[in-house]
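Engineer: the sequence isn't on hand, but the structure is:
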């Protein structure tokens with residue numbers, strides 16, 4: 001029986017490029033080599049797609065890129081942009097088959113942030129008619145856009161904090177009006193974040209007007225739409241979801257950040273200072289089950305598929321649950337929250353990868369359309 005050929009795509013044009021590489025290295029190192037033949041495709045920050053055949057450990061460090069580019073020069077082949085390859089071959093599928101030098105069966109995109117989990121590359125997979133791990137175009141786009149996901153969460157009755165949404169132009173040209181609206185509805189402290197970004201990139205906590213102005217400017221540099229949210233004095237609780245039409249929720253875990261909040265540094269640069277507690281302690285059983293119920297509901301109402309991690313706040317005084325956001329392509333290293341939650345739920349890392357690939361094929365078969373004249 002021949003192996004399933006999996007193209008693992010990593011890197012990408014995103015502020016989360018480095019995180020993506022580390023996640024991809026972990027996936028490649030732990031995938032069942034008896035069952036899968038792995039082809040590695042890296043996307044540089046400049047948008048260059050490169051086939052990589054070197055040591056897996058060079059992916060996380062970033063050394064892979066020079067190795068792949070050197071090999072390309074030695075072979076005297078020309079790197080083409082994805083769009084020009086489609087035009088030349090009249091087939092989106094050819095991008096993957098050319099890059100991997102053999103037909104592939106399924107794509108595992110380990111791409112965090114914009115251009116990776118926002119529906120853009122998922123659209124390319126759809127055009128290529130190739131199965132892929134994770135949410136489709138719609139689910140990815142909605143999950144990535146915090147403002148629009150909040151609109152749908154509200155429609156579905158999921159509890160969440162107060163928020164306001166502004167455009168970049170409003171921030172730059174109507175700043176006084178923006179500040180007045182924030183102070184009237186949310187007061188201080190409040191959180192300011194890009195609507196489309198991940199890993200807390202561009203997120204700030206503002207405790208006064210001066211900090212709000214600075215936070216709005218930082219967020220506006222990362223996206224054209226900016227979200228301002230009320231501060232909730234809560235414990236940060238996370239739940240993983242796995243499946244397609246009948247998803248299931250994991251045990252819940254708690255993040256205890258080392259910083260003022262769980263920002264990029266606390267997630268990836270603070271060593272062991274931030275703590276993860278799985279399962280979360282001192283939560284009422286009813287609260288845990290409600291969080292798991294809300295996680296599945298959020299997953300389904302955004303039409304997600306494969307995997308997502310749903311983040312919540314549980315108010316420290318009242319115990320009230322608030323949904324914060326959904327992550328449709330969460331970090332995937334062995335120490336990342338998503339795999340750890342499933343490991344504690346009885347699905348070890350390698351088996352989790354296997355299940356996600358199975359779900360990709362299931363979703364692909366279910367999404368087929370018949371076109372008749």
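Structural biologist: Noted; the coordinates are in hand. Note that the coordinates shown come from a computational prediction; the quantities given were computed from them, not determined experimentally.

Engineer: hang on, isn't residue 227 packed against residue 165?
Structural biologist: Yes - the criterion here is CB atoms under 8 Å, and residue 227 meets it with residue 165 at 5.7 Å. C-beta coordinates here come from the backbone N, C-alpha and C atoms, glycine included.

Engineer: ok, the residue nearest in space to the middle of the chain - contacts?
Structural biologist: With distances taken as CA atoms, centre = their mean, residue 329 lies nearest the centre of the chain, 3.1 Å away. By CB atoms under 8 Å, 6 or more residues apart in numbering, the contact set of residue 329 is 109-112, 116-117, 134-135, 140, 307.

Engineer: what about residue 294, how many neighbours?
Structural biologist: Neighbour count of residue 294, defined by other CB atoms under 10 Å: 22.

Engineer: residue contacts, it?
Structural biologist: 158-159, 310, 312, 321, 323.

Engineer: how about 10 Å then?
Structural biologist: 153, 156-159, 239, 249, 310, 312, 321-323 (CB atoms under 10 Å, 6 or more residues apart in numbering).

Engineer: write a PyMOL command that selects only the buried members of those.
Structural biologist: Here is the PyMOL command that picks out the buried ones among those, judged by 16 or more other CB atoms under 10 Å:
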select buried, resi 153+158+239+249+310+312+321+322+323
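
Engineer: okay if I get the contacts of residue 329 as TSV plus pLDDT?
Structural biologist: Output for these, formatted as TSV (pLDDT from 0 to 100):
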residue	pLDDT
109	97
110	97
111	94
112	92
116	91
117	92
134	98
135	98
140	97
307	98
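
Engineer: give me the subset of those residues lying in strands.
Structural biologist: 109-110, 307 (DSSP state E).

Engineer: let's see if you can find the most crowded of those.
Structural biologist: Highest count within the ones in strands among the contacts of residue 329 by other CB under 10 Å belongs to residue 110, 28 neighbours.

Engineer: now do it against residue 120, distance only.
Structural biologist: 15 Å (CB to CB, to the nearest Å).

Engineer: buried set for stretch 102-116?
Structural biologist: Counting neighbours by 16+ other CB under 10 Å, stretch 102-116 gives 104-116 as buried.

Engineer: circling back: could the contacts of residue 329 go into JSON lines alongside distance to residue 202?
Structural biologist: Output for these, formatted as JSON lines (distance: CB to CB, whole Å):
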{"residue": "109", "distance to residue 202": "22"}
{"residue": "110", "distance to residue 202": "22"}
{"residue": "111", "distance to residue 202": "18"}
{"residue": "112", "distance to residue 202": "14"}
{"residue": "116", "distance to residue 202": "16"}
{"residue": "117", "distance to residue 202": "16"}
{"residue": "134", "distance to residue 202": "23"}
{"residue": "135", "distance to residue 202": "22"}
{"residue": "140", "distance to residue 202": "19"}
{"residue": "307", "distance to residue 202": "24"}
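
Engineer: which residue ranges form the helices in the stretch 1-150 of the chain?
Structural biologist: Counting by DSSP state H, counting those that start in this stretch, the stretch 1-150 of the chain has helices at residues 17-30, 57-61, 64-74, 82-89, 93-100, 120-128, 137-144, 146-155.

Engineer: tally of neighbours for residue 40?
Structural biologist: Residues near residue 40, counting by other CB under 10 Å: 23.

Engineer: isn't it right up against residue 5?
Structural biologist: No - applying CB atoms under 10 Å as the test, residue 40 and residue 5 come out as separate, 11.8 Å apart.

Engineer: neighbours around residue 190, how many?
Structural biologist: Counted with other CB under 10 Å, residues neighbouring residue 190 total 24.

Engineer: now for residue 217, how many residues are close by?
Structural biologist: Neighbours around residue 217, by other CB under 10 Å: 15.

Engineer: distance check, it against residue 210.
Structural biologist: Distance, residue 217 to residue 210, using CB to CB: 11 Å.

Engineer: name the nearest residue to residue 207, sequence neighbours excluded.
Structural biologist: Among residues not flanking residue 207 along the chain, residue 189 sits closest, at 4.5 Å (CB to CB, 6 or more residues apart in numbering).

Engineer: phi first, then psi, for that neighbour.
Structural biologist: phi -80, psi 160 (degrees, to the nearest 10).

Engineer: quick check: pLDDT value at it.
Structural biologist: At residue 189, the pLDDT value in this model is 96.

Engineer: repeat that for residue 371.
Structural biologist: pLDDT recorded at residue 371 is 68.

Engineer: doesn't residue 280 lie inside a helix?
Structural biologist: No - counting by DSSP: H, G, I helix; E, B strand; the rest coil, residue 280 is not part of a helix but coil.

Engineer: could you count how many residues lie near it?
Structural biologist: With other CB under 10 Å as criterion, residue 280 counts 21.

Engineer: so is the nearest residue to it once chain neighbours are set aside in a helix, a strand, or just coil?
Structural biologist: Excluding the flanking residues, the one nearest residue 280 by CB to CB, 6+ apart is residue 254, at 3.9 Å. Put simply, residue 254 is strand when judged by three-state DSSP.

Engineer: gap between residue 254 and residue 275?
Structural biologist: Counting by CB to CB, the gap from residue 254 to residue 275 is 8 Å.

Engineer: more neighbours, those two?
Structural biologist: Neighbour comparison, residue 254 and residue 275: the larger count goes to residue 254, with 20 against 10 (by other CB under 10 Å).

Engineer: tell me the buried residues in stretch 222-242?
Structural biologist: By neighbour count on 16+ other CB under 10 Å, the buried set for stretch 222-242 is 222-223, 225-232, 234-242.
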